[in-house]
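Trainee: no FASTA, just this:
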């Protein structure tokens, strides 16, 4: 009899080189898809980091601005007090 018509012992299918090539190609395609997703995720993370840096830059700036406003208010108070004192003389 022809060996091709008889299934191998144990019911296992013979795998041809073409079958292996297809499986390997599918593995590469799947890995490529996964890497693409990872790269997209990394890009989103990098964009988020840039947004955070921008916000932190503005936060530091606003803290400086608040401190400067306090200093100006103190100076204005001193000037107003002196001008009142001088106007009463």
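Mentor: Received the coordinates, thanks. Source: prediction; values computed, not measured.

Trainee: If you count neighbours, what's buried in stretch 67-80?
Mentor: For stretch 67-80, a neighbour-count test (16 or more other Cβ atoms under 10 Å) marks nothing as buried. From N, CA and C alone the C-beta is placed, and that goes for glycine too.

Trainee: Show me where the protein dips below the pLDDT cut-off.
Mentor: 1-11, 60, 88-89 (pLDDT under 70).

Trainee: Show me the helices in it, by range?
Mentor: Under the criterion DSSP state H, the chain carries helices at the ranges 17-88.

Trainee: Look up how far residue 67 lies from the most centrally placed residue in it.
Mentor: Nearest residue to the geometric centre of the chain (Cα atoms, centre = their mean): residue 45, 0.7 Å. According to Cβ to Cβ, to the nearest Å, residue 45 and residue 67 sit 33 Å apart.

Trainee: what does residue 30 give?
Mentor: For residue 30, the distance to residue 67 - Cβ to Cβ - is 56 Å.

Trainee: again with residue 13
Mentor: Separation of residue 13 from residue 67 (Cβ to Cβ) stands at 77 Å.

Trainee: got it, and residue 22?
Mentor: Counting by Cβ to Cβ - residue 22 and residue 67 are separated by 68 Å.

Trainee: Please apply the same query to residue 43.
Mentor: 37 Å.

Trainee: Quick check: residue 63 vs residue 35, distance?
Mentor: Going from residue 63 to residue 35 by Cβ to Cβ gives 42 Å.
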